[in-house]
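> Provided below for reference: sequence and predicted model.
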Amino acid sequence: MEIKETHLKGCFTMRPWVFKDDRGYFFESYNQKAFTELTGYSAEFVQDNQSLSTYGTVRGIHFQSGAHAQAKLVRVIEGSVYDVAVDLRRDSSTYGKWFGVELSGENNLQLFIPRGFAHGFSVLSETALFSYKCDNFYHKASEGGIRYDDPTLGIDWQIPKDKMILSEKDLLLPFFNDLSKG
Ligand SMILES: Cc1cn([C@H]2C[C@H](O)[C@@H](COP(=O)(O)OP(=O)(O)O[C@H]3O[C@@H](C)C(=O)[C@@H](O)[C@H]3O)O2)c(=O)[nH]c1=O
């Protein structure tokens with residue numbers, strides 16, 4: 001596995017070694033030993049999630065707070081997304097900064113997003129099959145989020161505004177500055 005730390009400390013991109021042959025390909029999408037050795041993070045992933053979305057969908061920007069915070073290891077099985085992690089760790093030198101990367105079924109890139117971050121993605125292909133591991137269970141009451149079009153963060157989702165598809169819930173999320181006051 002090839003691994004690179006992003007400008008957000010503890011947030012890594014990783015790419016597994018892919019073995020191609022006449023049949024197709026094989027790769028280890030997750031190996032706990034390699035993951036721990038390379039990241040220094042001994043995550044115990046307890047929940048795997050999968051979602052399918054159509055072009056223009058923006059999911060996010062989500063987090064779970066307090067004891068229910070989740071680290072996530074995210075990837076795309078088919079299609080392509082622009083994936084974004086936002087550092088919400090108040091003691092971090094990159095608090096309020098974000099990192100974005102294209103993840104696709106072609107590049108096999110994965111993004112590890114530690115606890116204390118918010119996460120979202122936009123769908124760049126016709127459809128995208130998105131898969132991720134979480135190190136804490138879903139806890140509805142601890143869900144939080146930030147508006148996708150927050151002016152302070154200024155994320156370019158790489159989708160024209162009139163083509164964006166969002167859930168009603170995500171359209172009601174607070175802005176970053178209101179979040180920090182609370
Ligand atoms: C996230 C989640 C949702 N659900 C349910 C709640 C709801 O009825 C339905 C759809 O939920 P949502 O609209 O919140 O799904 P979605 O917008 O895809 O939420 C996800 O977005 C990405 C960006 C993340 O980072 C994830 O952690 C998660 O927040 O699925 C679960 O049962 N378990 C879960 O872990």
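Right, received. Where do you want to start? Only a predicted model underlies this, so the values are computations on that prediction, with no experimental measurement involved.

> from here on, just use CA atoms for contacts and neighbour counts.
Fine.

> which residue, neighbours along the chain excluded, lies closest to Ile77?
The spatial neighbour of Ile77 that comes closest, neighbours along the chain excluded (CA to CA, 6 or more residues apart in numbering), is Gly105 at 4.8 Å.

> and the one you found, what does it touch?
Val76, Ile77, Glu78, Gly79, Ser80 (CA atoms under 8 Å, 6 or more residues apart in numbering).

> next: Lys9.
Lys9 touches Thr94, counting by CA under 8 Å, 6+ apart.

> so which strand or helix has it?
Here Lys9 sits in a region with no helix or strand, counting by DSSP states H and E.

> so of the contacts of Gly105, which two are at opposite extremes in space?
In terms of CA to CA, those reach their longest pairwise distance at Ile77 and Ser80, which sit 8.6 Å apart.

> which one of those two has more residues nearby?
Per other CA atoms under 10 Å, whichever of Ile77 and Ser80 has more neighbours is Ser80, with 26 against 20.

> beta partners for that one?
Assessed by DSSP bridges, Ser80 has beta-bridge partners Ser104.

> per-residue confidence at it?
Per-residue confidence (pLDDT) for Ser80: 98.

> next up, the contacts around it.
Contacts of Ser80 (CA under 8 Å, 6+ apart): Glu102, Leu103, Ser104, Gly105, Val123, Leu124, Ser125, Thr127, Ala128.

> give me that answer again for 7 Å
Glu102, Leu103, Ser104, Gly105, Val123, Leu124, Ser125, Ala128 (CA atoms under 7 Å, 6 or more residues apart in numbering).

> quick one: buried ones out of the residues you listed?
Glu102, Leu103, Ser104, Gly105, Val123, Leu124, Ser125, Ala128 (16 or more other CA atoms under 10 Å).
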